[in-house]
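**Q** Whatever this is, show me its structure:
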Amino acid sequence: MEGYYEYRHTVGFEETNIVGNVYYVNYLRWQGRCREMFLHDKASDVLDDLRADLKLFTLKVDCEFFAEITAFDQLAIRMRLVELAQTQIEFAFDYVRLDRDGGEVLVARGRQRVACMRGPNNRTSPARVPESLARALAPYRARVRAA
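**A** Below is the predicted model:
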């Protein structure tokens, strides 16, 4: 196991600006898509919970860029679990360009903090991270590097 969940994406023209660089907001969209596909692939029972009253609110998101990407670049968005608290989850994302020759280039890094909430939209309250989601995330816990 690699220690991360991977979502693959091909950059399209609509995700770039007039000079061909990817719009910032797309990096954030890809974090969300990676998280969604993780739920679909690894914790599908949580989807039923989301259809009921569970809500995953994004509290914080960031992204740091190291290299440019353009249309038709192949990306691997790799998600790791950074922290699992009672009601919140923090993820780390590596954005890796996959070159045709098999090489990989780290083009960006991001983070995202999510809170679990339950209840109707006008009266939500914090809720525990579903146990099945915690179990599904366990193999993807980020390794802490020694200083």
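
**Q** going forward, measure contacts and count neighbours with C-alpha atoms only.
**A** Will do.

**Q** ok, then the element right after the longest helix that the chain contains?
**A** Of all the segments of type helix in the chain, defined by DSSP state H, the longest one is helix 24-42. The C-terminal neighbour of helix 24-42 among helices and strands, as given by DSSP states H and E, is helix 44-52.

**Q** list the buried ones in stretch 63-81?
**A** Neighbour-count burial for stretch 63-81 flags Cys63, Ile69, Thr70, Ala71, Gln74, Leu75, Ala76, Ile77, Arg78, Met79, Arg80, Leu81 (criterion: 16 or more other C-alpha atoms under 10 Å).

**Q** Centroid-nearest residue for the chain?
**A** Relative to the mean C-alpha position of the chain, the nearest C-alpha, by C-alpha atoms, centre = their mean, is the one of Gln31, at 3.6 Å.

**Q** and that one, what does it touch?
**A** Contact partners of Gln31, counting by C-alpha atoms under 8 Å, 6 or more residues apart in numbering, are Ile77, Phe93, Gln112.

**Q** try it again with 6 Å
**A** Contact analysis of Gln31 by C-alpha atoms under 6 Å, 6 or more residues apart in numbering lists nothing.

**Q** change the start of the numbering to 55 and stick with it
**A** Will do, 55 is the new start, and the previous item becomes Gln85.

**Q** before we move on, the earlier item: angle of the longest helix of the chain against helix 98-106?
**A** Helix 78-96 runs at 120 degrees relative to helix 98-106, counting by axes from the mean of the first three to the mean of the last three C-alpha atoms, to 10 degrees.

**Q** Off-centre distance for helix 78-96?
**A** 5 Å (C-alpha atoms, centre = their mean, to the nearest Å).

**Q** Tabulate the CA atom coordinates of that helix in PDB.
**A** Provided in PDB are the C-alpha atoms of helix 78-96 (Å, rounded to 0.1, in the frame of the first residue of the first chain):
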ATOM      1  CA  TYR A  78      -6.300  28.300  -8.500                       C
ATOM      2  CA  VAL A  79      -9.900  27.300  -7.800                       C
ATOM      3  CA  ASN A  80      -9.400  24.100  -9.700                       C
ATOM      4  CA  TYR A  81      -6.800  22.800  -7.200                       C
ATOM      5  CA  LEU A  82      -9.400  23.300  -4.500                       C
ATOM      6  CA  ARG A  83     -12.100  21.500  -6.600                       C
ATOM      7  CA  TRP A  84      -9.800  18.600  -7.200                       C
ATOM      8  CA  GLN A  85      -9.300  18.300  -3.400                       C
ATOM      9  CA  GLY A  86     -13.100  18.000  -3.100                       C
ATOM     10  CA  ARG A  87     -13.300  15.500  -5.900                       C
ATOM     11  CA  CYS A  88     -10.600  13.400  -4.400                       C
ATOM     12  CA  ARG A  89     -12.400  13.400  -1.100                       C
ATOM     13  CA  GLU A  90     -15.700  12.500  -2.800                       C
ATOM     14  CA  MET A  91     -14.200   9.600  -4.800                       C
ATOM     15  CA  PHE A  92     -12.600   8.300  -1.600                       C
ATOM     16  CA  LEU A  93     -16.000   8.100   0.000                       C
ATOM     17  CA  HIS A  94     -17.400   6.400  -3.100                       C
ATOM     18  CA  ASP A  95     -14.500   3.900  -3.300                       C
ATOM     19  CA  LYS A  96     -13.600   3.200   0.300                       C
END
